[in-house]
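J.: pasting a predicted model and its sequence here:
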Amino acid sequence: MQKTKNKMDQILSPHDPQQKLKVLKEYFGHSSFRSVQEELVDAILNGSDVLGIMPTGAGKSVCFQLPAVLFEGITIVISPLISLMKDQISALAQNGINSAYINSTLTFDQIKKILDNARAGKYKLIYVAPERLDYGGFLNFTKQIKISMVTIDEAHCVSQWGQDFRPSYAKIPDFVKEITPRPIVCAFTATATPRVRKDIVDILQLNAPKIFVASFDRQNLNFEVRRPDKKFNGLKEILKDKKDKSGIIYCLTRKTVDAVTEKLIAEGYKAASYHAGLSAQQRHKNQDDFIFDRVNIIAATNAFGMGIDKSNVSFVIHYNMPKDIESYYQEAGRAGRDGSPADCIILYSGQDIRTNLFLINNGDGRQYQSSEHEIRLKALERERLKEMDLYCNSRGCLRHFILKYFGENPDWTECKNCGSCNAESKSEDISVLSQKILSCVYRMNGSFGKNLVIDALRGAKTDKIKNFHLDKLPTYNICSESKDKLKEVINFLIMNKFLTTTNNEFPVLKLGERAGEILKQKIKVEMKTALDVFVKEQNDETDVLPSKTKPSKDALINKELFALLKQLRQNIASQQNMPAYIVFHDSALADMCAKLPKNKREFAKISGVGAQKLEKYGDIFVKTINEFLSNSPQRV
């Protein structure tokens, strides 16, 4: 430990532009920054408060860990995620950066020892749970050392308009005020709407912060929505070629989690469950089994995942439609964190809407400031749910939908890497059908929900139709299309602002701002209709390297060598009692397979290999690669 400390003491001024690149390579193993990272690092090194909005997998940790290495004193990282703290500290140690964490899992004596070590200058970063900020010993500690920076991770938790509000975050501004001189304050989150961003800046009292928003376009993720008649059969269809892949299956309820897990185990999958109904001990065991690859699939409620830094998750399946796009993108983004291709699939059904509405309307234990505040927040949650439903029913590019939702305006309309873009389709003229639907909504005075509008259009003879005299309207029974077809067209009309829905507990269908274009101007309306889905063929012998890690466009890796390196990594990780991805990400192993380093000098050029890992692991990995080349030269 002392050797690492002395090495850090030799680092030059953080204002030297070459120093950030030196630290990036020496401690993090990368030769260049990714999108937005360098701008964020520069702003912090120049003394500015910052707010970084960076999607999961964009590398936000480097943005504050690198300046922490360069700054004198200690950086305090406030995080609500105990599991993340443990992983981050292990990963930092592997990179040669001494750090520690303080949370409820530690005893008084353990915390005291950490604070004593910090006073002695042994740490560059200390992770702390927000609940510990007003702990007397910690407050006294902050007055005895130099704190150069305070970083708030998962900063959206400070806002009641965010998807994961935590009252403990309200303590942070008072905590910062107690530190003299005031340190640089940085806030990071994976998803935040403009309203939540404003809350983060205002509530955390950031000082003229520089705000950076990374692109939400993660090109290695394949987005898809499926509508299976039987969900578990649909799940099995997805998993049939993924038995050895690592993935997460999200479910809305604990009951569904348990049922899915039981069925998966019966089908021969190595699966575990995670939800708040399990004991803390069982949750911890199941999470560790997943992180340490003892099981490769975990079925969970949304209680699982925040702070899980597992790099080799190759699929995230939502067994039920999630409640909003913010939650969905954060959860789906746990796939492909190392840049490898990954699947993000929703198994959609109309029942998912009803279940989500029930959860919203009946509360989830959240405390509200007043009944008016509760009404406003629940209306916002229903609005988010409506956007999520539109996404699931979109025939357009799913990636484009997500990017537009988060405020980006891509100059393309098809990504060629989502379920919609990869589906065979035709353009269907729905002009007349659209006129019929909008006329019916108009005749019904915009006072009824989607299902009743569809019943009226199809001439249903239900009690509601008769009680409201809807069978007397001229638009009654004017459509022969199926319910599913009418729902598809109505969702298309909502997405394109020809129709709209209210956000109250029982939403009703109304004419949208563009309704006149159909009813008065009689414009032609065309909708993309899916015919079938292309099946992508995969080469059984080789895999194409992910675009962000491949050294050349058409580089291929040998699966046998890759498996050999994975086993070596697993052996090393087991000896050190840590997850395998902390030793090296899959992308680093793929880079080794592509570049085939024959000595430590060449091994140093592998993505993710810094000075510490070069020294610890270079010899054994180079030896393994050379032995493979000697025994199997024709296979490379």
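T.: That came in fine, so what should we check first? Owing to the predicted nature of the structure, the values given are computational and were not obtained by experimental measurement. Numbering: from 1, shown residues only.
J.: tell me the contacts of the nearest residue to residue 580 once chain neighbours are set aside?
T.: With Cβ to Cβ, 6 or more residues apart in numbering as the criterion, residue 580 has its nearest non-adjacent residue at 4.2 Å, and that residue is residue 573. C-beta coordinates here come from the backbone N, C-alpha and C atoms, glycine included. By Cβ atoms under 8 Å, 6 or more residues apart in numbering, the contact set of residue 573 is 292, 579, 580, 582, 583.
J.: need these in a markdown table with secondary structure, distance to residue 228 and pLDDT, can you?
T.: Shown next, in a markdown table, are these (DSSP: H, G, I helix; E, B strand; the rest coil; distance: Cβ to Cβ, whole Å; pLDDT from 0 to 100):
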| residue | secondary structure | distance to residue 228 | pLDDT |
| --- | --- | --- | --- |
| 292 | coil | 32 | 89 |
| 579 | coil | 33 | 87 |
| 580 | helix | 33 | 89 |
| 582 | helix | 36 | 89 |
| 583 | helix | 38 | 92 |
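J.: restricted to buried residues, select those residues in ChimeraX.
T.: Of those, the buried ones go into a single ChimeraX selection, burial set by 16 or more other Cβ atoms under 10 Å:
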select :292,579,580,582,583
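J.: tell me the one of the contacts of residue 573 nearest residue 24?
T.: Comparing the contacts of residue 573 against residue 24 with Cβ to Cβ places residue 582 closest, at 18.5 Å.
J.: wait, that closest one sits on residue 89?
T.: No - the pair residue 582 / residue 89 is not scored as a contact, 10.0 Å apart, by Cβ atoms under 8 Å.
J.: tell me which element the residue nearest to residue 580 falls in.
T.: Using DSSP states H and E, residue 573 sits in helix 559-576.
J.: quick one: distance of that helix to the chain centre.
T.: The gap between where helix 559-576 is centred and where its chain is centred comes out at 27 Å by Cα atoms, centre = their mean, to the nearest Å.
J.: before we move on, the earlier item: and the residue nearest to residue 580, how far from residue 90?
T.: Distance, residue 573 to residue 90, using Cβ to Cβ, to the nearest Å: 10 Å.
J.: which residues are in contact with both of these two?
T.: Taking Cβ under 8 Å, 6+ apart as the contact rule, residue 573 and residue 90 both touch 579, 582.
J.: excluding chain neighbours, give the residue nearest to residue 147 in space.
T.: In space, and not counting its chain neighbours, residue 147 is closest to residue 183: 4.8 Å by Cβ to Cβ, 6+ apart.
J.: hmm, I was thinking of residue 470
T.: Closest to residue 470 by Cβ to Cβ, 6+ apart is residue 456, at 4.7 Å.
J.: which SS class is that neighbour?
T.: Assigned with DSSP: H, G, I helix; E, B strand; the rest coil, residue 456 falls in the helix class.
J.: just checking, it touches residue 478?
T.: No - assessed by Cβ under 8 Å, residue 456 is found out of contact with residue 478, at 9.0 Å.
J.: which residues touch residue 478?
T.: With Cβ under 8 Å, 6+ apart, residue 478 has these contacts: 436, 440, 457.
J.: what pLDDT does it get?
T.: At residue 478, the pLDDT value in this model is 95.
J.: related to what we said a few turns ago, ranking the contacts of residue 478 by neighbours, who comes first?
T.: Neighbour counts for these, by other Cβ atoms under 10 Å, peak at residue 457, which reaches 26 neighbours.
J.: was I right about it contacting residue 440?
T.: Yes - the criterion here is Cβ under 8 Å, and residue 457 meets it with residue 440 at 5.4 Å.
J.: shared neighbours of these two, which are they?
T.: By Cβ under 8 Å, 6+ apart, residue 457 and residue 440 have these common neighbours: 475, 478.
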